[in-house]
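A.B. asks: got a predicted structure here, sequence first:
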Amino acid sequence: MPSDDDVPVLKRSGRETNCHPHGPLGLALLILAALTAALVLLLMHRHAGPFTPPAAPTRTLWSPAPNAPYRPTPSVPARQYAR
């Protein structure tokens, strides 16, 4: 039976990497990953942290000048009106 020192924490097999929870480091990595995933899901559910929606803007990017006269743009060029 191999000792705990001979067993790798991360074992690569093909395209995937497996973590062995038999050692203290592998167990700590699995617990840390599970807690991180749970924290991210909780923050997403509560719309907190980086998942907070942006605040409503207090001012729009463009607004007309105050008391400016309204002049609509004609849809037909002006030269067709002149007779």
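C.D. replies: Nice, thanks for sending it over.
A.B. asks: how near is the residue nearest to Pro53 when sequence neighbours are not counted to Pro21?
C.D. replies: On the basis of C-beta to C-beta, 6 or more residues apart in numbering, the spatially nearest residue to Pro53 that is not a chain neighbour turns out to be His47, at 6.2 Å. In short, each C-beta sits where N, CA and C put it, glycine included. His47 sits at a distance of 33 Å from Pro21 (criterion: C-beta to C-beta, to the nearest Å).
A.B. asks: who has more neighbours, those two?
C.D. replies: Neighbours were counted for His47 and for Pro21 using other C-beta atoms under 10 Å; Pro21 has more, 14 against 9.
A.B. asks: so the more buried one sits against Ala33, correct?
C.D. replies: No. Between Pro21 and Ala33 there is no contact under C-beta atoms under 8 Å: 10.9 Å.
A.B. asks: grab the nearest non-local neighbour of Pro50.
C.D. replies: Nearest-residue entry for Pro50: Leu43, 7.3 Å, with adjacent residues in sequence omitted and distances by C-beta to C-beta, 6+ apart.
A.B. asks: OK, contacts around that neighbour?
C.D. replies: The contact partners of Leu43, taken as C-beta atoms under 8 Å, 6 or more residues apart in numbering, are Gly49, Pro50, Phe51.
A.B. asks: good, we can wrap up now.
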